[in-house]
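**Student:** Quick one: sequence plus predicted model below, questions after.
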Amino acid sequence: MEITIREISGKKALKKYVQFNIDLYKENPYAVPPLIFDEVGTLSPDKNPAFEFCESVYYMAYDEEKPVGRIAGIINHKVNEKCGKKSARFGFVDFIDNTEVSSALFNAVEKWAREKGMEEIVGPLGFTDMDPEGMLIEGYDQPGTMVAIYNYPYYVDHITRLGYEKDNDWVEFKIYVPEEIPEKYKRISDIVQAKYKLKVLKYNSIKKIVKDYGRKIFELINQAYADLYGYSALSEKQIDYYVKMYVPMVRLENVSLIVNEQEELVGVGIAIPSMTKALQKAKGKLFPFGFIHILKALRGKNDVVDLLLVALRPDYQNTGANALLFSDLVPVFIKNGYKYAESNPELEENGKVQSQWQYFENVQHKRRRAYKKRL
């Protein structure tokens, strides 16, 4: 093979960049392709407000004129300033099972990072935590989800051969929906609700929930996730961006908001019917039929639900207030016929989050890793 690396930019080239991932996994029953327009938007400085504090570069590897790999280099200046590091990120990375290809891609992005004055590179990570992160290292025979990376097992061998080591792990759980709320969970919920004078809010209007709590949901996420690995606080423009992107997709019965006596938002749980099968059928495209599959998944019968966001304000994280979220959501899951929920990635050391699954039948079925290398 004669591998060439090309830096790419512009909407047309970015579409090919995204399409490479879709083509590489088109025969894989577990991978979930992104929507092309959505991922191109994430990668575009004129669309993604994260570019207020991030910069990036995109490379594709070619064997003659055939694409054989891709990688992004990202610098999140906000996180670097917070952590006092000179750290670059790699992400949106895919390649065929050929060490020449992976070496050429990582050499290119490492060279770019060094030229930018960076001292280390970590990944796979996106611009912020709202992007997929972590290389899958366990659970290759499990269906992926809309918000997480799927990759072939050989990726791990390639990246460790290049000198990358573990930086952090995330774990994922399959949480089975019980026939009724576990009694102990319900009892904790009732005690906490009375002790802290909390209540659960439900809405039947997207416009009203956006008006009342759309921005506050993401402001709460900034508070709840502030100390987590690599977290990049969402800016005002990002919050507006994600309110428009995510809130209209949800079924309001799958949204649980907890407020205190002062009507302050202290907890949020947002679930969404699994998009896995719908996105696999859409094959990256909304039209002509992709949107139909997505609407069916959102509004029709579905036996899997994804836990998209679960967050508690820091001063309520050790109170048991999370029990209110699931005391509210579990009956909805039962009514809708969901068999299990996907937790999506949780940092392995985040015992506060994982402890909430102890009252449900569950299994840890996936693990993913962020790798690091000194430059």
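**Tutor:** Perfect, thanks for sending it.
**Student:** Now do the domain split for the protein, please.
**Tutor:** 3-169, 175-369 (automatic domain parsing).
**Student:** quick one, which of the ones you listed is nearest to L375?
**Tutor:** domain 3-169 (5.1 Å; CB to CB). Every C-beta, even on glycine, is put in place using the N, C-alpha and C of the backbone.
**Student:** that older thread, would you single out the least confident of the domains of the chain?
**Tutor:** Among the domains of the chain, domain 175-369 carries the lowest mean pLDDT, at a mean of 90.
**Student:** Helices of this structure, start to end?
**Tutor:** With helices called from DSSP state H, the chain shows them at 11-24, 36-43, 77-83, 99-115, 154-161, 183-195, 206-209, 215-225, 236-246, 276-282, 290-299, 322-336, 351-354.
**Student:** The ones you listed: which one's closest to E172?
**Tutor:** That would be, of those and by CB to CB, helix 351-354, which comes in at 10.5 Å.
**Student:** buried sites along that closest one?
**Tutor:** 353-354 (16 or more other CB atoms under 10 Å).
**Student:** C-alpha coordinates for it, CSV please?
**Tutor:** Taking Å, rounded to 0.1, in the frame of the first residue of the first chain, the C-alpha atoms of helix 351-354 are listed here in CSV:
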residue,chain,number,x,y,z
GLY,A,351,-19.8,5.2,42.4
LYS,A,352,-22.6,7.7,43.0
VAL,A,353,-24.1,7.0,39.6
GLN,A,354,-23.6,3.3,39.6
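**Student:** Who are the packing partners of that helix?
**Tutor:** Applying 3 or more CB pairs under 8 Å, 6 or more residues apart in numbering; DSSP states H and E, one finds that helix 351-354 contacts strand 346-347.
**Student:** who's in contact with the strand it packs on?
**Tutor:** Contacts to strand 346-347, defined as CB atoms under 8 Å, 6 or more residues apart in numbering, come from residues 168-173, 228-229, 353-354.
**Student:** In its sheet, which strands sit next to it, and in what direction?
**Tutor:** Its sheet considered, strand 346-347 pairs with strand 165-176 (antiparallel) by DSSP bridges.
**Student:** Centre of the chain to the strand it pairs with, how far?
**Tutor:** Centroid displacement of strand 165-176 relative to its chain, using CA atoms, centre = their mean, to the nearest Å, is 12 Å.
**Student:** That one vs helix 154-161, what angle?
**Tutor:** 160 degrees (axes from the mean of the first three to the mean of the last three CA atoms, to 10 degrees).
**Student:** Just to check, G69 is in contact with F92?
**Tutor:** No: with contact defined as CB atoms under 8 Å, G69 does not reach F92; the gap is 11.2 Å.
**Student:** circling back: buried among the contacts of strand 346-347? Make that a PyMOL selection.
**Tutor:** A single PyMOL command selects the buried members of the contacts of strand 346-347 (16+ other CB under 10 Å):
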select buried, resi 168+169+170+171+172+173+229+353+354
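**Student:** would JSON lines of the contacts of strand 346-347 with distance to A282 be doable?
**Tutor:** Listed next are these as JSON lines, based on distance: CB to CB, whole Å:
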{"residue": "N168", "distance to A282": "32"}
{"residue": "D169", "distance to A282": "30"}
{"residue": "W170", "distance to A282": "26"}
{"residue": "V171", "distance to A282": "28"}
{"residue": "E172", "distance to A282": "23"}
{"residue": "F173", "distance to A282": "26"}
{"residue": "L228", "distance to A282": "31"}
{"residue": "Y229", "distance to A282": "31"}
{"residue": "V353", "distance to A282": "30"}
{"residue": "Q354", "distance to A282": "32"}
